[in-house]
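K.L.:
Let me see the structure of the following:
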Amino acid sequence: MKMEITADKTALGRSAAHAGAAAIRTAIQAKGEARIIVATGASQFEMLDALMAEPLDWSKVSAFHLDEYIGLPATHPASFRSYLQERFVARAPGLASFTPVNGDAPDLAAEIERLNRLVSAAPIDVCFAGVGENGHLAFNDPPADFDTEAPYLVVELDEACRRQQLGEGWFPDLDAVPRQAISMSVRQIMKSAALILSVPDARKAAAVKGAVEGPITPDVPASIVQRHPAATLYLDPDSAAGLDRSRLFTP
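P.N.:
Just a heads-up that it's a prediction; the model follows:
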């Protein structure tokens, strides 16, 4: 795992997007297509804006997303499908495909079977993601399941995760935050050829320290990325504040 600390959130987003776009172009050149995973949340705002400014042939890119709340319709303001439709799909001209996670599907088992079949059809080239305040990776809250091979699964959201969603302004109160989600599994995320992790803000500093300097443990789900051969953690000064500065690469 590599780390890069940037001057601020805007620079973080540019650096992460530039690296991700380069990996997408490499995949297209090698295979004629790229398959990517895109994430949501406040941590991805600047990265997605910068990614949309990159010169990419979106007609050769197929996209999946990490997770979605169970029971929340796509019309809900906090829906990740709504988020990605507005901030990614609508801005990626000619996108080859986007596979939504339908958290309000009437048959969740059938929906997960559909997702697992589609995402497993070919390797994932780039995964854009973040790290939660509780150290989660996607919606794999601690203690995360590091063993399941299923690409997607139903997970329980812990209170720290739900309070993060409330604190970011997606819901009016804690009771409104769903308690379950469909999430991409840890093992599926780790199968991505490249991991681009955008993690700004002081509220992520403790999670970053645990993920980077602590042991690899399900109690800090993002710590698993220490084992990934091509993961880069993009930080700003606030999110990197708790780290041993000698370990950071500052461009």
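
K.L.:
just the helices in the stretch 1-150 of the chain please.
P.N.:
Taking DSSP state H, counting those that start in this stretch, the helices of the stretch 1-150 of the chain run over residues 9-31, 45-52, 80-87, 108-119.

K.L.:
What ranges in the chain fall below the confidence cut-off?
P.N.:
Within the chain, the ranges that satisfy pLDDT under 70 run 245-251.

K.L.:
if you set the cut-off to 50 instead, what comes out?
P.N.:
Along the chain, segments meeting pLDDT under 50 span 249-251.

K.L.:
what residue is smack in the middle of it?
P.N.:
residue 129 (2.3 Å; CA atoms, centre = their mean).

K.L.:
ok, how many other residues are close to the residue lying closest to that residue once chain neighbours are set aside?
P.N.:
Spatial nearest neighbour of residue 129, chain neighbours left out: residue 39 (4.6 Å); criterion: CB to CB, 6 or more residues apart in numbering. For the C-beta atoms, the positions are set from N, CA and C on the backbone; glycine is no exception. Using other CB atoms under 10 Å, residue 39 has 26 other residues around it.

K.L.:
Kindly report the same for residue 215.
P.N.:
Neighbour count of residue 215, defined by other CB under 10 Å: 9.

K.L.:
what separates it from residue 227, distance-wise?
P.N.:
12 Å (CB to CB, to the nearest Å).

K.L.:
if we can go back for a sec, residues touching the residue nearest to residue 129, list them.
P.N.:
65-66, 128-130, 138, 198 (CB atoms under 8 Å, 6 or more residues apart in numbering).

K.L.:
Most neighbours among those, please name it.
P.N.:
residue 198 (30 neighbours).

K.L.:
helix or strand right after whichever strand or helix holds it?
P.N.:
Residue 198 belongs to strand 194-199 when assigned by DSSP states H and E. Downstream of strand 194-199, the next assigned helix or strand under DSSP H and E is helix 205-213.

K.L.:
Only alpha carbons, please: show that following helix as CSV.
P.N.:
Extracted C-alpha coordinates of helix 205-213, given in CSV (Å, rounded to 0.1, in the frame of the first residue of the first chain):
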residue,chain,number,x,y,z
ALA,A,205,-7.8,10.5,11.1
ALA,A,206,-8.3,7.8,13.7
ALA,A,207,-9.5,5.3,11.1
VAL,A,208,-6.6,6.1,8.8
LYS,A,209,-4.1,5.6,11.6
GLY,A,210,-5.7,2.2,12.4
ALA,A,211,-5.8,1.2,8.8
VAL,A,212,-2.2,2.1,8.0
GLU,A,213,-0.2,1.6,11.2
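
K.L.:
and the direction of it versus that of strand 194-199, what angle?
P.N.:
150 degrees (axes from the mean of the first three to the mean of the last three CA atoms, to 10 degrees).

K.L.:
buried ones in the helix or strand that helix 205-213 is followed by?
P.N.:
The helix or strand immediately downstream of helix 205-213 is strand 231-235, counting by DSSP H and E. For strand 231-235, burial by neighbour count (16 or more other CB atoms under 10 Å) applies to 231-235.

K.L.:
correct me, but residue 132 touches residue 210?
P.N.:
No - Residue 132 lies out of contact with residue 210 (CB atoms under 8 Å); the separation is 11.2 Å.

K.L.:
Give me the more crowded residue out of the two.
P.N.:
Ranked by neighbour count (other CB under 10 Å), residue 132 and residue 210 place residue 132 first, with 25 against 21.

K.L.:
who's in contact with the more buried one?
P.N.:
Residue 132 neighbours (CB under 8 Å, 6+ apart): 141, 160-161, 164, 204, 207, 222.
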